[in-house]
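# Sequence and predicted structure are below.
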Amino acid sequence: MSRIRVAIQKSGRLSEKSLALLQNCGLQFARSKDKLFWYGQDFPVDLLLVRDDDIPRMLMDGVCELGIVGENIAREVMLDRNGGTGLDLLRKLRFGGCRLSLAVPEDSTAQAAKDLDGARIATSYPALTAHLLKEKGVTARIVELAGSVEIAPGLGTAEAIADLVSTGTTLRANHLRELEVLFESTAALYCGAGELPDDKQALLSRLLMRLDGVLHAAESKYVMLHAPRDAVQKITELLPGAEQPTLLTLEGNSERVALHAVCRETLFWEHLEALKAAGASAILVMPVEKMLA
Ligand code: ATP
Ligand code: ZN
């Protein structure tokens, strides 16, 4: 029977969430001692634990069928190695969010990317940065650094940097100012471009169906509330992404009903306030663990 391999980051920001996501899809692994290859127990999907930078190449080379990696790295490797192609993004995931931003020393006069024309820009994402700057009509001289990019301006090796930012704390600690966002990235599930053999494709479809269930469940909520009978339609319309609700009688109260519905889109406090304003009371919002449409 055929099996497919998924590469995830061995240790780093994406590791735990990548593994948890696959486990939520019902995958269980026999953890091997060397920790690089984990055998899938109930479902024929095995894990490879590697450095995140290696994942795009492994997919292109057919070492594994699937990989979870930041879009920043996938795009960089595709641009660097394959003219911007070579991988297919299957699903964006809800973690690993960050942005590739241009930053300059606090006292720099630059106000936008275009002010960096001709400047030296230090980055660990040379191909992606050059590509994104070119799209903006900026010609920069890329200084490639493997790490500690944020100290380059202080050392005089570059006038600006292009680096990953999530909170901005590292930039501030190094007296840098975020100038412009070049690229928004999240972790994503990728496969190599090209067709899989039928048996592997069938396995992939099963896995994707489970994954979609997990991803939809993550933002779906089960909502229960009490509503005036004549406000049921209005209240249903206020529930984001809800289909037909279930109505239940409230014992001893003919004016109000209990309404239950699954909301498939994110439910914000504003939605709850609007529901209350429309006459809803006793509003309960509960997480949905799994979902199979
Ligand atoms: P490895 O040893 O696997 O090469 P690494 O040090 O290159 O690890 P991490 O720092 O763990 O990688 O980051 C992995 C990914 O997490 C990044 O490529 C990016 O997609 C995402 N990420 C999210 N927020 C940030 C952030 N603030 N800084 C850097 N990466 C971030
Ligand atoms: Zn890395």
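That came in fine, so what should we check first? Source: prediction; values computed, not measured. Ligands and ions are numbered 1, 2, ... in the order given.
# Report the beta-bridge partners for residue 144.
Per DSSP bridges, residues listed as beta-bridge partners of residue 144: residue 123.
# That one and residue 129 touch, don't they?
No - counting by C-beta atoms under 8 Å, residue 144 stays clear of residue 129, with 9.4 Å between them. Every C-beta, even on glycine, is put in place using the N, C-alpha and C of the backbone.
# Quick one: residues contacting residue 65.
4, 5, 6, 59, 191, 192, 196, 200, 204 (C-beta atoms under 8 Å, 6 or more residues apart in numbering).
# Redo these as a markdown table? Include pLDDT, secondary structure and neighbour count.
Shown next, in a markdown table, are those (pLDDT from 0 to 100; DSSP: H, G, I helix; E, B strand; the rest coil; neighbours: other C-beta atoms under 10 Å):
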| residue | pLDDT | secondary structure | neighbour count |
| --- | --- | --- | --- |
| 4 | 97 | strand | 20 |
| 5 | 98 | strand | 20 |
| 6 | 98 | strand | 22 |
| 59 | 98 | helix | 25 |
| 191 | 98 | strand | 19 |
| 192 | 97 | strand | 21 |
| 196 | 94 | coil | 17 |
| 200 | 97 | helix | 18 |
| 204 | 97 | helix | 18 |
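# Return the residues of the stretch 51-200 of the chain in contact with ligand 1.
51, 52, 53, 70, 72, 73, 96, 98, 164, 166, 185 (C-beta under 6 Å from any ligand atom).
# Of those residues, keep whichever come out buried.
Among those, those buried by neighbour count (16 or more other C-beta atoms under 10 Å) are 52, 70, 72, 73, 96, 98, 164, 185.
# Can you get me a residue count around residue 2?
When neighbours are counted by other C-beta atoms under 10 Å, residue 2 registers 13.
# Sorry, slip of the keys, the one I care about is residue 293.
Residues near residue 293, counting by other C-beta under 10 Å: 7.
# Just the pLDDT for it.
Here, the pLDDT recorded for residue 293 equals 74.
# What of residue 258?
For residue 258, the predicted pLDDT is 97.
# can you tell me how far it sits from residue 118?
67 Å (C-beta to C-beta, to the nearest Å).
# wait, what's in contact with the residue of the stretch 101-250 of the chain found nearest ligand 2?
Using C-beta to the ion, residue 124 is the residue of the stretch 101-250 of the chain that sits closest to ligand 2, at 8.5 Å. Taking C-beta under 8 Å, 6+ apart, we find residue 124 in contact with 144, 145, 146, 147, 149, 163.
# Got the phi and psi for the last one?
Pointing back at residue 163 there. phi -140, psi 170 (degrees, to the nearest 10).
# beta partners for it?
Bridge pairing for residue 163 - DSSP bridges - gives residue 101.
# Domain parsing of this protein, as residue ranges.
Following automatic domain parsing, one finds the domains of the chain at 4-95+187-217, 98-185, 220-287.
# out of these, nearest to residue 293?
Of all those, domain 4-95+187-217 sits nearest to residue 293, with 7.7 Å by C-beta to C-beta.
# Give me the distance from that closest one to the chain's centre.
13 Å (C-alpha atoms, centre = their mean, to the nearest Å).
# Check whether it comes near ligand 2.
Yes - shown here: domain 4-95+187-217 in contact with ligand 2 (C-beta under 5 Å from the ion) through 52, 53.
# can you map out the helices along this structure?
According to DSSP state H, the chain carries its helices in the segments 15-24, 55-60, 71-82, 126-135, 152-155, 169-173, 198-219, 232-238, 269-277.
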